[in-house]
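>>> got a structure for you, letters missing:
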DNA sequence: CCATGTGTATTAAGTGATACAATACACTAA
DNA sequence: TTAGTGTATTGTATCACTTAATACACATGG
């Protein structure tokens, strides 16, 4: 799997999921983790597309979704900029974390695994951070 | 979302995921939870298809995947039967649980959330079982 | 043997999501 | 004015999924 570095971002694209979704997630997670400077300008649609060797429309779709969540603000003729609002970032991060928690609990319930067993399973896992 | 009862199974199909995968998961989870009698016969391909209002080929695909994991055994001309081997069931259950755990940990890591914080988030969730 | 109920295989067709390509337009800054 | 942005439209291609129709293979019970 090829890794492409663009600015502060490390993209790893494959065909297991839609490309626009992967681009979206990479940037969203980078913002949520605090790995990028708030307020910074993202690469232009054409630029990122060229570096990732994908279609500009695909990048645009990812940027539009970021805009919808107010994680970025797009200014026509200028570019797309990461929000400076810490509040928004924190909110999105919490929402994503919550989704993951819900998904996990749901999986455990579907398998008929109770809370304490699930917690035990979690303790057995090695954590890379 | 419509619920269709077939034998011991409660199916809830939608268009968010492939149908064959949903059928597969319903049955697999029912087996893993111990909600069904081991050794029992599953509905015939044509029968289940008719009741779920989907194509027999789609059901067959689900059955074939169950067979691959040895959760069922298909006998030509007779039908598809759930395994009686508790070992196999337990093994599949563990594998599915492990997948879920890994997915959760991975999500947390991508968001830059550490182990103890993740555990705290989990504690806040209401558990329905 | 035959009828019926099983699973299996093949082929064709339709649909929807995704992605690409080409092009044109709108806005901003230098 | 020019270059660099985002935006919009239209068409095309591809792939996964699903359906449909049909035929075949095997097992069981009359």
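That came through fine. These figures come from a predicted structure and were not determined experimentally. Numbers count the residues shown, from 1 in each chain, chains lettered A, B, ... in the order given.
>>> mind listing what's buried in the lengthiest helix in chain A?
Looking across chain A with DSSP state H, the single longest helix is helix A:86-110. Within helix A:86-110, the residues scored as buried using 16 or more other CB atoms under 10 Å in any protein chain shown are A:89, A:92-93, A:96-97, A:100-101, A:104-105, A:107-110. (Glycine included, C-beta is placed from N, CA and C.)
>>> For the very next helix or strand once past it, list every residue counted as buried.
Next helix or strand after helix A:86-110 toward the C-terminus (DSSP states H and E): helix A:115-123. Neighbour counts over helix A:115-123 (16+ other CB under 10 Å) mark A:118, A:121-122 as buried.
>>> can you narrow these to ones near chain B?
A:118, A:121-122 (CB under 8 Å from any CB of the partner chain).
>>> Which of these sits closest to residue A:6?
Nearest to residue A:6 among these: residue A:122, at 34.2 Å, using CB to CB.
>>> Among the buried residues of helix A:86-110, which pair sits farthest apart?
A:89 and A:110 (32.0 Å).
>>> one step back: dump the buried residues of helix A:86-110 into a markdown table; add pLDDT as well.
Output for the buried residues of helix A:86-110, formatted as a markdown table (pLDDT from 0 to 100):
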| residue | pLDDT |
| --- | --- |
| A:89 | 98 |
| A:92 | 98 |
| A:93 | 98 |
| A:96 | 98 |
| A:97 | 98 |
| A:100 | 98 |
| A:101 | 98 |
| A:104 | 98 |
| A:105 | 98 |
| A:107 | 97 |
| A:108 | 98 |
| A:109 | 97 |
| A:110 | 97 |
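>>> Those residues also near chain B: which ones?
Checking those against chain B (CB under 8 Å from any CB), the matches are A:93, A:96-97, A:100-101, A:104-105, A:107-110.
>>> which one of those sits closest to DNA strand C?
Of all those, residue A:96 has the smallest distance to DNA strand C: 18.4 Å, by CB to the nearest atom of the strand.
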